[in-house]
Structure formats: structure tokens, C-alpha cells
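>>> Provided below for reference: sequence and predicted model.
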Amino acid sequence: MKPSVEQMLEAMQLALREKVSPVVTDQWAASALRSVDVILNHLQARTPVEGPMLYEDNRDLAAVLDGAGGLSLAGEVSSEGAVLTEALAGFAADVVAMAQGYPAVAVLSALNVRGRFLLDDLLRVCHARKGQEAAEQLHVALRAYLDRHVEREQPFFFPTYVGRPV
Amino acid sequence: MINEASLQSYFQKHLGADTQVVKVKQTFPGISRQTYLVWTKEGNAEGSYIFRTDSKGGPICPVPLEYEWKVMSKLFKTVVPVAEPLWFEQAPEVTGGRPVMVRRMVDGSNEIPGLYDEGAAAAARRQRVAFEHAERLAALHTLDLEANGFTEFVDLPPSAELASRHDFERWTGLWYKLRTDPMPLVTEAAYWLEENLPKSAARISLCKGNNGMGEEIWKDDKIAALSDWELAFAGDPAQDWAMSQGMLTLGDAKATIAHYEAAAGFSIDQSSLDFYRVWEVWKAVPTLNNGLRSFLDGTDKSVARLNLGYGRVKLFEQLLGMMIGKPIDEAAAIVERWRKSPYRPENAAA
């Protein structure tokens, strides 16, 4: 049996809190310690669940973005300059490929950023076409995804980053 | 490297060979810009200066230091109290090419000891301090922008009615240009805020941006200098009250605003104030996230920059998520509760 990453992070944090923090009087050093403590909290929340969370979020994203099929996107360009329909198709294909193996967290994360950029593009399309039924329906689905995404990420930042900022 | 020796050489170039730097102190925390207090002997005289430069990774706020210099240079000639700006250099050797602004040190402190004591006398004092701040803001907000030279370099809204839209477009433009992550919830929040933009403003004023407790230099309960002008802009004066860091809770908020209105000669619209309270939360996202860019490219790996540019930004995203779609007065109440219970948005939304 070996210690988990979270246990190791917790041990580091405990050492800093119990042995280092009480003897630090310099305000710059104390500030750096507070910042490190916050990052250790964040890592303890993020490390054990980030991979599965991103995997689930990417599948969710792919399903939501697929809903854009009801819109005519001819002529729409993604924020990264690609033809939007092609970018959406490429993302959907990569999410299918993701499920075939055991991707690294960095790969899942890069895919997630791509998908959320595309979602951002679709948000703008929906707002530009406000009042059109297909756009309104897609907008509801995009908003619902945003709520789910924020909820999934919440433990990474909340209450982790609550407290003195520096 | 900025230290006593390098600053000695630097100040000698500007003030003369008989200048001796006798003490240097860097102010805390200085994550966006670094500020050094510099004390000198110049022959038989003594001097004290503020040396301000960008941090290694550049400013967190996406506004160049030269802008702050220009604002202060114009303000120094007006009734608004600011420290005397002395010189600006775009890329001096002492900082390795980072811009530098030097101003004269003002006698005073950004803290007011005993201000939060208990008892009626302390409460009355807090109200006087709030009135003092209100009078200085009124003096700023009633400046003639053209006569005082601000129209030469400050981006002006086309009309008072379009002041909020002008600021909205400036900051959303910066967000789409500078963001390090798509954060579509922030985009969605922008659309929600756009639907609620104030349609009027009392006038187009020079606004300070961050102001209030911790920002200004105080001496004997009076403002000796309004300090830190990097977020100054031309817009709705109500916006400055939304950024007045503790001033409206220092005394009776209605009395403080009434005091301001009497001094300024115009009113602050409560619904505009509510909007700007929420808008300032949104604006914090591009402002802080900009600081993460130099962390990600390896220029500045400080943990404080990481936490502000990433963790705090994501925390604000969570706060925006709690507010999107709500009536603006309800959203403003959430922000107010969050401000009162510092950094605890989960309590604010409860």
C-alpha cells in the first residue's frame, strides 16, 4: 500500500502549517505561505477527481454541442478561425476517440478547452439569433451545461479560494 | 535589480550627483506593480519619493503605467489632491526596461488608526471620514474633462447615456482578447449584463476606479492624496461609488450619498449603482485573468499571481453563476453580502 497523492499533499500542508507558518514573521513570506496553502487545498480537491470529471464533462459537452445540428451554421466561423461546423464535427470525433483508450489528464483538459471555446462560439450565435426557436432551444441546453460545468468544478475553487487573496 | 545601490545611481541621474539614497522600502504586496518608498539626502535637504514600476510579469490590470502617469500629471493641476508626479520613463536601465513613474511622497497613511473603534465618537468619526471621501469624489467627478486636458488621452463615451455601454464594450473586448480560458459562463454573464445596462448617467466624469479604504492617503482624517489611478476612466460617476471599497458602509450610506450629491450638484441613481456593483464583479475576471498570462508563459511564476489570475477568477466565475438571470437589485444584494462577508460568496448566495 502506498500513500495517495492527496495524503502526500496533506502532509506537506500540515508541515507548513505546524512547523513553518508559526515562525514566519516576514509579511512577504507569510503571504507566500498563504498562497501555497491555498494551492495545496486546491490540489487535494482536484487531483483525485480531475480526470473522471473532465471525461464526463467532455461527453456532456459533445452531447450539448451536437444540439447545434438544428441550427443553420453556414458561414459561421469559430473564435479560432475555423469553419464552425467543421470544428464541431472534429470535436465530436475526438470525444468518440477519447472513449477508446485511457487519455492523460492533459489530453482531456485540452479537449475540454476546445469544446468550451466552441460552446462560447455557439452562445454568441444563439444571442445573435435571439427569438429564433432553434437558437432559443440550443441556448437553454448550453445554459444547462454551464450550470453543470460550474457545479462539477465547484469543489476545486469553493471554498478553496475563499479567504485572503494574497 | 532594484535595490538601494541601483536606486542611488538612478536618483542621482535625475536629482543630481549629491543625492544619497538613505532608505528604501518596498510596499506590500505589489503583485501587479511594484512600489518602493525612497528617502534621500540632497545636499542639506531631505527628500522622499515613490518609485513605481510594473512587476516582472507586467501589470495585472491591462492598463499601461504611462496612462496612470498622464492622469496624475493632469490632476495635479486641479483641485483634486494627488501626489506630485515628477517623471516617467518608458524603459530605464534600473528596471531592466520596465516603465517607471516617480512621484513625491505624501505625508500620511492609507490606514486610519482607531477608525473602527467602538462607541458613538468613533461612529461619528467614521461618518466624517465618509463625508471627506465623498467631497473629494465630488471634486473629481465635477472636473471639466476638456479644460483640464483629459480629452487628449482618456477614452470618452460618445454621450452620458452611452457611458455604461462604452465601458461594457471596452472590457468585454479586453476579455475576448486576453482570456486564458474560454469560460463561456463569463460570456453568458456579459450578455445578461448587457441587457441591464443603465440608460442614463448624471454626466461623463473622470472616475477613479478603485477608491475608498486602503486606496487613498489620509492625514488627520483628511485625504492628503487620492492614490492609484491605473483604473481611471471617463464614465458614469455612479460607477465610482460601486468601487468605493467600504465607504458606503463606513457611516450611513444614504447620508454619505446625500452629502456627495450636495457637493457634486447631481444625483446618483440607485439602480445604476446596483448595476455597477455587479458589473465590477464581472470586470474583475478579465482584470485578474490578464495577470495569469505571464505566469503561463513563464515570465512571472509567483504564487500570488497564480492564485489571483486563476483561483480568484474561477471563484468570481462561481459568483457570477449564482447571479446570472436574477434581477439586478437581487444580484447587487448578493454582491453586497459577499463584500460584507469577505470572500465568502457561498454565504452571500445563501
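Structure's in. What do you need?

>>> Distance check, the nearest residue to residue B:207 once chain neighbours are set aside against residue B:103.
Among residues not flanking residue B:207 along the chain, residue B:240 sits closest, at 4.5 Å (CB to CB, 6 or more residues apart in numbering or on different chains). Bear in mind the C-beta positions are built from the backbone N, C-alpha and C, glycine included. Between residue B:240 and residue B:103 the computed distance is 22 Å (CB to CB, to the nearest Å).

>>> related to what we said a few turns ago, which residues sit in contact with the residue nearest to residue B:207?
By CB atoms under 8 Å, 6 or more residues apart in numbering or on different chains, residue B:240 lies in contact with B:137, B:140, B:141, B:205, B:207, B:208, B:209, B:211.

>>> Okay, domains of chain A per the record?
Here the domain parsing of chain A from automatic domain parsing is A:5-48, A:50-152.

>>> what about dumping the CA coordinates of stretch B:332-339 to CSV?
Extracted in CSV, the C-alpha atoms of stretch B:332-339 (Å, rounded to 0.1, in the frame of the first residue of the first chain):
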residue,chain,number,x,y,z
ALA,B,332,-26.4,43.5,-6.3
ALA,B,333,-27.6,42.4,-2.9
ILE,B,334,-25.6,39.1,-3.3
VAL,B,335,-22.5,41.1,-4.1
GLU,B,336,-23.1,43.3,-1.1
ARG,B,337,-23.4,40.3,1.2
TRP,B,338,-20.3,38.9,-0.3
ARG,B,339,-18.4,42.1,0.3
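
>>> What's the mean pLDDT across it?
Per-residue pLDDT over stretch B:332-339 has a mean of 87.

>>> Equivalent analysis for stretch B:258-269, please.
Mean predicted lDDT for stretch B:258-269 stands at 98.

>>> What residues sit buried inside that stretch?
B:259, B:260, B:263, B:264, B:268, B:269 (16 or more other CB atoms under 10 Å in any protein chain shown).

>>> can you redo the residues you listed as TSV with secondary structure?
Below are the buried residues of stretch B:258-269 laid out as TSV (DSSP: H, G, I helix; E, B strand; the rest coil):
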residue	secondary structure
B:259	helix
B:260	helix
B:263	helix
B:264	helix
B:268	coil
B:269	coil
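
>>> Nearest to residue B:318, out of the contacts of residue B:240: which one, please.
Of all these, residue B:318 sits closest to residue B:209, with 24.1 Å by CB to CB.

>>> isn't the closest one right up against residue B:229?
Yes: counting by CB atoms under 8 Å, residue B:229 is a contact partner of residue B:209 at 7.3 Å.

>>> residues from chain A in reach of chain B?
Residues of chain A lying close to chain B (CB under 8 Å from any CB of the partner chain) are A:27-28, A:31-32, A:35-36, A:38-39, A:42, A:79, A:113, A:116-117, A:119-120, A:123-124, A:127, A:142-143, A:146-147, A:149-150, A:153-154, A:156-166.

>>> Drop anything exposed from these.
A:31-32, A:35-36, A:38-39, A:42, A:116-117, A:119-120, A:123, A:127, A:142-143, A:146, A:149-150, A:153-154, A:156-163, A:165-166.

>>> And the next helix or strand past the helix ranked longest in chain B?
In chain B, assigned by DSSP state H, the helix with the most residues is helix B:270-296. Scanning forward in sequence from helix B:270-296 by DSSP states H and E, the next helix or strand is helix B:303-306.

>>> Which residues in that next one does the neighbour count mark as buried?
In helix B:303-306, counting by 16+ other CB under 10 Å, buried: B:303, B:304, B:305, B:306.

>>> sorry, back to before: of residue B:209 and residue B:229, give the one with the bigger neighbour count.
Using other CB atoms under 10 Å in any protein chain shown, the more surrounded residue of residue B:209 and residue B:229 is residue B:229, with 24 against 20.

>>> Now do the helices in chain A.
Counting by DSSP H, the helices of chain A are A:5-15, A:27-46, A:50-66, A:84-98, A:105-128, A:133-157.

>>> packing partners for the strand or helix carrying residue B:66?
Assigned by DSSP H and E, residue B:66 belongs to helix B:65-75. With contacts taken as 3 or more CB pairs under 8 Å, 6 or more residues apart in numbering or on different chains; DSSP states H and E, helix B:65-75 sits against strand B:45-54, strand B:85-89, strand B:100-104.

>>> Now residue B:115: closest residue in space that isn't a chain neighbour?
Residue B:115 sits nearest to residue B:126 (CB to CB, 6+ apart), 6.1 Å away.

>>> Pull the contacting residues for that neighbour.
If a contact means CB under 8 Å, 6+ apart, then residue B:126 has B:115, B:116, B:250, B:251 as its contacts.

>>> separation between the third one and residue B:134?
Spelled out, that is residue B:250. For residue B:250 relative to residue B:134 (CB to CB), the value is 10 Å.

>>> Backbone dihedrals for the residue nearest the centre of chain B, both of them.
By CA atoms, centre = their mean, chain B has its centre lying nearest to residue B:210, at 2.9 Å. The phi/psi pair for residue B:210 (degrees, to the nearest 10) reads phi -50, psi 130.

>>> Check what pLDDT it gets.
92.

>>> Surely residue B:20 is in a helix?
No: applying three-state DSSP, one finds residue B:20 to be strand, outside a helix.

>>> Bridge partners for it, pull those for me.
With DSSP bridges as the criterion, residue B:20 is bridged to residue B:41.

>>> wait, what's in contact with it?
B:8, B:40, B:41, B:42.

>>> quick revisit: restrict the buried residues of helix B:303-306 to contacts with chain A.
Okay, of the buried residues of helix B:303-306 touching chain A (CB under 8 Å from any CB), that's B:303, B:304, B:306.

>>> any low-confidence regions in the chain?
In the absence of a named chain, this looks at chain A. Along chain A, segments meeting pLDDT under 70 are nowhere present.

>>> Can you look at chain B instead?
Short version for chain B, where the test is pLDDT under 70: B:340-350.

>>> how is chain B carved up into domains?
If you go by automatic domain parsing, chain B breaks into B:4-104, B:120-348.

>>> Using CSV, please lay out these together with distance to residue A:59.
Below are those laid out as CSV (distance: least, CB to CB, whole Å):
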stretch, distance to residue A:59
domain B:4-104, 35
domain B:120-348, 17
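
>>> Can you tell me which of the ones you listed is most buried?
domain B:120-348 (a mean of 19; mean count of other CB atoms under 10 Å in any protein chain shown).

>>> Tell me the one of the buried residues of stretch B:258-269 nearest chain A?
Proximity to chain A was ranked across those by CB to the nearest CB; first place goes to residue B:269, at 26.6 Å.

>>> ok now do that closest one, which residues does it touch?
Contacts of residue B:269 by CB under 8 Å, 6+ apart are B:198, B:200, B:201, B:202, B:238.

>>> Likewise for residue B:42?
B:15, B:16, B:18, B:19, B:20.

>>> can you redo the helices and strands packed on helix B:65-75 as CSV with distance to chain A?
Listed next are the helices and strands packed on helix B:65-75 as CSV, based on distance: least, CB to the nearest CB, whole Å:
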stretch, distance to chain A
strand B:45-54, 17
strand B:85-89, 26
strand B:100-104, 21
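
>>> Minimum distance to residue B:187: which of the ones you listed has it?
strand B:45-54 (28.8 Å).

>>> Would you pull up how far that closest one lies from the middle of the chain?
Relative to its chain's centre, strand B:45-54 lies at 20 Å (CA atoms, centre = their mean, to the nearest Å).
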